[in-house]
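Chemist: need coordinates for the following:
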Amino acid sequence: MTKKLVFFWPSSGGVGGWRIMFWKFDLHTTSHIDTLLEREDVTLFELMEEEDILQECKANNRKLVEFLTRPHNMEALVTCITQEPSEDMDEKVRYKYPNISCEILTADVMHVNDALGEDEGLLSRLYGFLQNDSTLNPLLASFFSKVMGILINRKSEQIVDFLRKKDDFVALLLKHIGTSAIMDLLLRLLTCVEQPQLRQDVLNWLNEEKIIQRLIEMIRSSRDEDQHSNASQSLCDIIRLSREQMIQIQDSPEPDQLLATLEKQETIEQLLSNMFEDGERDESVIVNGIQVLLTLLETRRPRSDLGGMGGLFCNLDGQLDLCTPGLDHACSQVSTGTLQAIKSRLQDFHQLLLEPPKVSKIVTTWGFLDPPLGNTRVHVVKLVTSMLQVNNSEVNQELMQLNTLDTLLDLYFKYVWNNFLHLQVELCIGTALGNPPIEESAETPAENNLFQKCQLIHRVVSAWEENDKEQLEGGRRKGYMGHLTRIANAMVQNSENGPNHSLIAQLIKELPDEARERWDKFVLGSLSDTNKKNTVDLVNMRNLHSSSDDDDNDLKEFSFPQEAVLQQAFSDYQIQQMTSSFIDQFGFNDEEFAEQEESVNSAFERAANISFVFDANSDGVSICVVSCS
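Modeler: Next up is the predicted model:
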């Protein structure tokens, strides 16, 4: 029997006025879809006009699911997401049915998944979307990718078998890789297959289809920028996903074939060849190619290599990363083939710093930039930083011979307001100073290069003095000063307790007397004052002291009597009794629920009958007495 609950409270209007609200329990509304399904001539599109069709579908409405899984209705749903709607339709509702069809097919309803995944005719109709010769509609492509994703996840074996029978599947994926949804489909194929053996079969199949080499071929000047970007992103995601999988399943009997192919020297050489082919300097090709190289070089250095940083180090975006204990070996390894391939092209990358692809001059709030730094040079600096973090002796030696660090410092002071560059140069110098000595080589070319050839101390102090002079004359503070402060602090810290502190201290000691005195004065004066300003206490610390400084005798024993707990229990008991009494006496049965005045008045009369008196001999009152005494 349905009950109704009445709530009442004094009205703000006049004395004796009351406001009343009735609440009916077990209120169920019948969906109009059920009514429509009673008709024999109801159509799929009539049902898709109903707002609650998705809710009913996800709730496994039996009649609705049976209707949707009829062959002609499933075919209509697939057609909606694979064929362009008529251009005569209003743009506001043009994609209404395709959108609803996609949501129905991806609602993760078992019977719908079975009806679609086990019908090869429907799968062929769905697959036909990829066989379009023209550029794919991005919205329909997203619907297609989403439906394929749920099928790959829920009907993995059937879908993988179906796709492997299609000789042109990989070719079609690459043909449409410029459409982001198709790139997502490739990643779904790599991530949504849960069975380990089946996933390994998929990796081996894609490797046999040479998908890595074919993606790299998309990154060349003859392709458009969307293809460059999505092919690069696909390669980066494959690298990260494969490495994550290797960490999670360390006892996997088979290596990841796609990652192994990507890390081969000949594969990287092909990518680099595409980036620098025929002397062309296409910014999109270079930037997207560098993104792949940066992902290959992503490492988390072991704790033992981090000096006083306690297991922390800055990544290329300036964030602190923590290398998980026990994963040091897996985190720190970079393919030798990758390093050798990049090392052979360091001269080309260095030349990009000097002669980047042409970029039109731009107007900024403080003047013209001609030429701007450009995205290419920012990415080259990221690559140099990443190569230094690997700390390979041959790579370090090559960079020092090219005098790359000096070139970076030139750019740092030239582009005063480019903080993207300033951050990368700061990380680059910090990495060079903090890299531990390499066991097989006693040489430390980076420190010698920075302090002798680059004259790092002279340039830091001179830039600081120039900034102070400009500010005294009413000028603006240089945009690189914050990063310059951190560079100077890194120099001081590494000279005192870094892994190369003795060498750095010796290099400073070998400076001319004037330069050394100038440095010491700067460290004790300007740098120290700036550090104090940057470390202002947020509160007055003088009145705060640690509890560890207290004498044990000063500590009092604080008792937490059981009575407090009992008192809370008794309060809960009171509320429970009042609530049950309230609901029982103020509810209406269906047959009593009417608007007659006497029915309402009787409820108010019953209000006076609620008992708020408790037996003095009851256990609850005894608890209250104990608690309050």
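
Chemist: SS state for residue 356?
Modeler: Taking DSSP: H, G, I helix; E, B strand; the rest coil as the rule, one finds residue 356 in the coil state.

Chemist: how many residues are close by it?
Modeler: Using other C-beta atoms under 10 Å, residue 356 has 20 other residues around it. C-beta here means a position set from N, CA and C on the backbone, and glycine is covered the same way.

Chemist: for it, give me its contacts.
Modeler: Contacts for residue 356 (C-beta atoms under 8 Å, 6 or more residues apart in numbering) come out as 281, 283, 371, 374, 376, 377.

Chemist: and the nearest residue to the last one once chain neighbours are set aside, how close does it get to residue 154?
Modeler: In space, residue 377 comes closest to residue 356 once its chain neighbours are excluded; the distance is 5.1 Å by C-beta to C-beta, 6 or more residues apart in numbering. Remark: distance between residue 356 and residue 154 (C-beta to C-beta, to the nearest Å) = 49 Å.

Chemist: follow-up on the earlier one: just the pLDDT at the residue nearest to residue 377, thanks.
Modeler: Here, the pLDDT recorded for residue 356 equals 92.

Chemist: and if you look at residue 229?
Modeler: The predicted structure scores residue 229 at 96 on the pLDDT scale.

Chemist: where are the low-confidence patches of the protein?
Modeler: Counting by pLDDT under 70, the chain shows low-confidence ranges at 1-30, 250-253, 278, 299-333, 439-443, 537-567, 569-570, 573-629.

Chemist: let me see the ranges of the helices in the stretch 151-300 of the chain.
Modeler: For the stretch 151-300 of the chain, helices defined by DSSP state H, counting those that start in this stretch occupy the ranges 156-164, 169-175, 180-191, 196-208, 211-217, 225-248, 257-262, 265-275, 283-296.

Chemist: how about CSV for the ones you listed, with mean neighbour count added?
Modeler: Converted to CSV, those look like this (neighbours: other C-beta atoms under 10 Å):
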stretch, mean neighbour count
helix 156-164, 17
helix 169-175, 18
helix 180-191, 20
helix 196-208, 16
helix 211-217, 20
helix 225-248, 19
helix 257-262, 20
helix 265-275, 20
helix 283-296, 23
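
Chemist: possible to save those as CSV with distance to residue 446?
Modeler: Putting the helices of the stretch 151-300 of the chain into CSV (distance: least, C-beta to C-beta, whole Å) gives the following:
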stretch, distance to residue 446
helix 156-164, 49
helix 169-175, 41
helix 180-191, 38
helix 196-208, 38
helix 211-217, 32
helix 225-248, 27
helix 257-262, 29
helix 265-275, 24
helix 283-296, 20
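
Chemist: of the ones you listed, which is nearest residue 393?
Modeler: Comparison of these against residue 393 by C-beta to C-beta identifies helix 265-275 as nearest, at 18.2 Å.

Chemist: residues near residue 67, how many?
Modeler: Residues lying near residue 67 (other C-beta under 10 Å) number 16.

Chemist: that one and residue 96, how far apart?
Modeler: Applying C-beta to C-beta to residue 67 and residue 96 gives a distance of 19 Å.

Chemist: now do residue 233
Modeler: Summarising the geometry, the distance separating residue 233 from residue 96, computed by C-beta to C-beta, is 31 Å.

Chemist: same question for residue 350.
Modeler: From residue 350 across to residue 96, the span is 56 Å (C-beta to C-beta).

Chemist: which residues in this structure form strands?
Modeler: In order along the chain, the chain carries the following strands (DSSP state E): 3-10, 18-24, 312-314, 320-322, 362-364, 367-369, 587-589.

Chemist: quick check on the contacts of residue 356: which are buried?
Modeler: 281, 283, 374, 376, 377 (16 or more other C-beta atoms under 10 Å).

Chemist: give me the number of residues near the closest residue to the second one other than its chain neighbours?
Modeler: Read that as residue 283. The spatial neighbour of residue 283 that comes closest, neighbours along the chain excluded (C-beta to C-beta, 6+ apart), is residue 357 at 4.5 Å. For residue 357, the neighbour count with other C-beta under 10 Å is 18.

Chemist: my guess is residue 357 meets residue 373, correct?
Modeler: No - the pair formed by residue 357 and residue 373 falls short of the contact definition of C-beta atoms under 8 Å, at 11.9 Å.

Chemist: only C-alpha atoms, please: export stretch 97-113 in CSV.
Modeler: Output for stretch 97-113, consisting of C-alpha atoms alone and laid out as CSV, is shown next (Å, rounded to 0.1, in the frame of the first residue of the first chain):
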residue,chain,number,x,y,z
TYR,A,97,19.7,10.5,-35.5
PRO,A,98,23.4,9.6,-36.0
ASN,A,99,24.2,10.8,-32.5
ILE,A,100,21.3,8.8,-30.9
SER,A,101,22.2,5.7,-33.0
CYS,A,102,25.8,5.9,-31.8
GLU,A,103,24.7,6.2,-28.1
ILE,A,104,22.4,3.2,-28.5
LEU,A,105,25.1,1.1,-30.1
THR,A,106,27.6,2.1,-27.4
ALA,A,107,25.3,1.8,-24.4
ASP,A,108,27.0,-1.5,-23.5
VAL,A,109,23.8,-3.5,-23.7
MET,A,110,24.7,-7.1,-24.0
HIS,A,111,22.0,-8.1,-26.5
VAL,A,112,22.9,-5.1,-28.7
ASN,A,113,26.6,-6.0,-28.6
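
Chemist: next one: it to chain centre, how far?
Modeler: Using C-alpha atoms, centre = their mean, to the nearest Å, we find the averaged C-alpha position of stretch 97-113 to lie 27 Å away from the chain's own average C-alpha position.

Chemist: again with stretch 104-116
Modeler: In this view, stretch 104-116 has its centroid 29 Å away from the chain centroid, taken as C-alpha atoms, centre = their mean.

Chemist: ditto for stretch 523-532
Modeler: Using C-alpha atoms, centre = their mean, the distance between the centre of stretch 523-532 and that of its chain works out at 38 Å.

Chemist: which of the residues in it are buried?
Modeler: By 16+ other C-beta under 10 Å, the buried positions in stretch 523-532 come out as 523, 526, 527, 530.

Chemist: gap between the residue nearest to residue 377 and residue 406?
Modeler: From residue 356 over to residue 406 (counting by C-beta to C-beta), the distance is 17 Å.

Chemist: now do the contacts for the closest residue to residue 534 other than its chain neighbours.
Modeler: With C-beta to C-beta, 6+ apart as the measure, residue 485 is the residue that lies nearest to residue 534, at 7.4 Å, once sequence neighbours are left out. With contacts defined as C-beta under 8 Å, 6+ apart, the neighbours of residue 485 are 527, 530, 531, 534.

Chemist: any idea how far the second one lies from residue 524?
Modeler: Right, the one you point to is residue 530. 12 Å.

Chemist: likewise the third one?
Modeler: To residue 524, residue 531 is 11 Å away according to C-beta to C-beta.
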